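Colleague: Sequence plus predicted model, see below.
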Amino acid sequence: MTEPLTSPGEGFHPHLPDTPDHPAAPLRTRLHHIRADSLDGDTAQTGGMRRFSAISGKTVGSEKLWMGQTHVAPATSSSDHHHGESETAIHVVGGHPEFVFLDDSGDEPVEVRLRTSPGDYIFVPPFVPHREENPDPTEEAVVVIARSTQEAIVVNLPRLYALPKDQ
């Protein structure tokens, strides 16, 4: 039993009736299909990269999760930023992005650069300042991001800095 693919613009459930005698189910009682070509660029942004929302409170009514993609152009670095109270999970799907943060566990903060490849994962704890860099001169870096908050929290910073020791 195979149903036809959902087409863009057909709504959440094109195969379920949405008529006066059969109203559509509430958002929290149905699955949502977000097509790759319908990601929403109207989400929090950071210079040097472009975020696209797939799953959020705005797009599907999620209450505890944000998920989307980030694209970093060749030979580009994002601005320094953190994601507030959000825990962030990153899955590298294309390119070789580098994730940069300051490790303040020693006497002096040390810049750490995590070099990644497709298939790798990165975890960013809440409030940790970082940036994404794409050193490749020709290939775009693309990652899928999941956050523990309903919307993308982005706090852009003037510079990369280590967290205070009491956090």
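Modeller: Sure, I can see it.
Colleague: Out of the helices and strands in the protein, which is least certain?
Modeller: Every helix and strand in the chain was compared by mean pLDDT, DSSP states H and E; the lowest is helix 57-60, with a mean of 86.
Colleague: So which elements touch that helix?
Modeller: Of the remaining helices and strands, none touches helix 57-60 by 3 or more CB pairs under 8 Å, 6 or more residues apart in numbering; DSSP states H and E. For glycine as for every other residue, the C-beta is placed from the backbone atoms N, C-alpha and C.
Colleague: What are the buried residues along it?
Modeller: Thr59, Val60 (16 or more other CB atoms under 10 Å).
Colleague: Flag every buried residue along stretch 97-106.
Modeller: Result for stretch 97-106 [16+ other CB under 10 Å]: buried residues Pro97, Glu98, Phe99, Val100, Phe101, Leu102.
Colleague: and what of stretch 30-39?
Modeller: By 16+ other CB under 10 Å, the buried positions in stretch 30-39 come out as His33, Ile34, Leu39.
Colleague: Please apply the same query to stretch 60-79.
Modeller: 60, 62, 66-72, 76-79.
Colleague: chain center to that stretch: distance?
Modeller: The chain centroid and the centroid of stretch 60-79 are separated by 3 Å under CA atoms, centre = their mean, to the nearest Å.
Colleague: Need the distance between the two termini of it.
Modeller: By CA to CA, to the nearest Å, the extent of stretch 60-79 from end to end equals 29 Å.
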